[in-house]
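Q: got a predicted structure here, sequence first:
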Amino acid sequence: MRKRSRTPEIIEAMSRAQQIAFGPFVFAACVSAKRLGMLKVLGQSGGLTREELAERMHLSPYGVKVLADMLVPAGVLRSEAGKLFLTKVGECLEWDPLTGVNLDFTADVCFKPLAHLEEAIREERPAGLSEFGPWPTVYEAMPHLPPQVLASWLRFDHYYSETAFREALKHLAGLAPRRILDIGGNTGRFCELALKALPQASVTLIDLPGQCAMARSNAALAGLGERFATAPVDWLDPEAMPETGGPADLIWMSQFLDCFSPDECRSILARAQRLLAPDGTIAILECILDNQDYEAAHMSLAATSLYFTAVANGNSRFFRRDELAAILADSGLDIEREIHPIGASHTLFLCRSAREDGAC
């Protein structure tokens, strides 16, 4: 490294650079401290010596000390008068639900696969998915993922979608849809909420065969008869069309388009319009990268885009607003209404087909 004068700016830059260089160590120490119970014990105790903490946790003093040596400079713990205390950052890691689902998602779903990120970027394929098995994308892999990986993935997905779904349904109720297609419906959580909120409606979930099977096994959707159905399809086949039994008043896509490349999105949207009734609506719920109110939200979305790269599919990311708008316009869709925020970080786009021959 070139010799430089140690100005405050250079010292700050060097400090930040070391935080990045050793970032994986900080993360691993935080996950271990939380899962071993160290953060909880400290938070409930009001401060303990390292020896007292080791005794409470039934760990060796070495184990406690090596974690504390990392977590004090990381700002997770504070050392004062020979005792360790939990900081506000540590409290967030231990008790904040949002931080918890993010931490588990990163630790269980992403941490090992991210070692393959360079390969994934070079080849535009989810190279990190090989850590779990030989699938082309995470969507085929979903029913076969290790239990802890799947559980952390579902908690992450449901935490952000739950509130957004409930808020979005308040806006969709005004459309009074009788027939809904949930494209990319995954486990069927939106279907479940929609069927409760819209008693006049029926919903068909459209997804890969494995996801359709998972949704049919959802106890909350069982026994609904003709109000709930599934239609398997692989949208990556450019000729594929699901058998839906007729046109829909409303097509719902929640964080679905961000799972595909722009060209794949255009192909899917063109085919989806063939499933739409005249004057029907396509409702698209997405997290827009440059439409976030907090820096931490922007960073979280950017990080999740790297999950798409290394684990999910290798070629998708969260869109910026102008990127998604261009895709919708290219696909013959007009944005009639745009609602933000929906939930913690989503935007709802209500669209209609601009093509005269776009509906069935």
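A: Everything's here; your move.
Q: need the phi and psi values for the residue nearest to His340 when sequence neighbours are not counted.
A: In space, His340 comes closest to Thr347 once its chain neighbours are excluded; the distance is 4.2 Å by Cβ to Cβ, 6 or more residues apart in numbering. In short, each C-beta sits where N, CA and C put it, glycine included. Torsion angles at Thr347 (phi, psi; degrees, to the nearest 10) stand at phi -130, psi 140.
Q: show me what contacts Thr347?
A: By Cβ atoms under 8 Å, 6 or more residues apart in numbering, Thr347 lies in contact with Leu285, Glu286, Cys287, Ile288, Asn291, Arg321, Glu338, Ile339, His340, Pro341.
Q: how about a cut-off of 6 Å?
A: Contacts for Thr347 were tallied using Cβ atoms under 6 Å, 6 or more residues apart in numbering; they are Ile288, Asn291, His340.
Q: so who does Tyr294 touch?
A: Contacts of Tyr294 were listed using Cβ under 6 Å, 6+ apart, and none were found.
Q: what does the domain assignment say about this structure?
A: 8-95, 157-353 (automatic domain parsing).
Q: indicate which one of these is closest to Lys112.
A: Between Lys112 and these, the shortest gap by Cβ to Cβ is with domain 157-353, which sits at 9.5 Å.
Q: tell me the bridge partners for the residue nearest to His340.
A: With DSSP bridges applied, Thr347 shows beta-bridge pairing to Glu286.
Q: what's the distance between it and Ser5?
A: Distance, Thr347 to Ser5, using Cβ to Cβ, to the nearest Å: 47 Å.
Q: that older thread, just the closest of the contacts of Thr347 to Ala197, please.
A: Here the nearest of the contacts of Thr347 to Ala197, counting by Cβ to Cβ, is His340; it sits at 20.7 Å.
Q: can you check the pLDDT for the residue minimising distance to the centre of the chain?
A: A centroid search over the chain (Cα atoms, centre = their mean) returns Asp157, at 5.0 Å, as the residue closest to the centre. The model reports Asp157 with a pLDDT of 93.
Q: can you give me the distance of it to Gly184?
A: When Asp157 is compared with Gly184 (using Cβ to Cβ), they lie 12 Å apart.
Q: go on, Pro61?
A: When Pro61 is compared with Gly184 (using Cβ to Cβ), they lie 51 Å apart.
Q: and these two? Which one has more around it.
A: More neighbours surround Gly184 than the other of Pro61 and Gly184, with 22 against 13 (other Cβ atoms under 10 Å).
Q: how close does the closest residue to that one other than its chain neighbours get to Trp153?
A: Take Gly184 and drop its neighbours on the chain: the residue closest to it by Cβ to Cβ, 6+ apart is Phe256, 3.4 Å away. If you measure Phe256 against Trp153 using Cβ to Cβ, the figure is 16 Å.
Q: in this protein, which spans are strands?
A: Here the chain has its strands, by DSSP state E, at 77-80, 83-86, 179-183, 202-207, 228-232, 248-254, 276-287, 333-342, 346-353.
Q: does anything pack onto the third one? Which helices or strands?
A: Of the remaining helices and strands, those touching strand 179-183 by 3 or more Cβ pairs under 6 Å, 6 or more residues apart in numbering; DSSP states H and E are strand 202-207, strand 248-254.
Q: make TSV out of those strands and add mean neighbour count, distance to Ser161 and mean pLDDT.
A: Listed next are the helices and strands packed on strand 179-183 as TSV, based on neighbours: other Cβ atoms under 10 Å; distance: least, Cβ to Cβ, whole Å; pLDDT from 0 to 100:
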stretch	mean neighbour count	distance to Ser161	mean pLDDT
strand 202-207	26	14	97
strand 248-254	25	6	98
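Q: of these, give the one that comes closest to Phe22.
A: Phe22 lies closest, by Cβ to Cβ, to one member of the helices and strands packed on strand 179-183: strand 248-254, at 37.0 Å.
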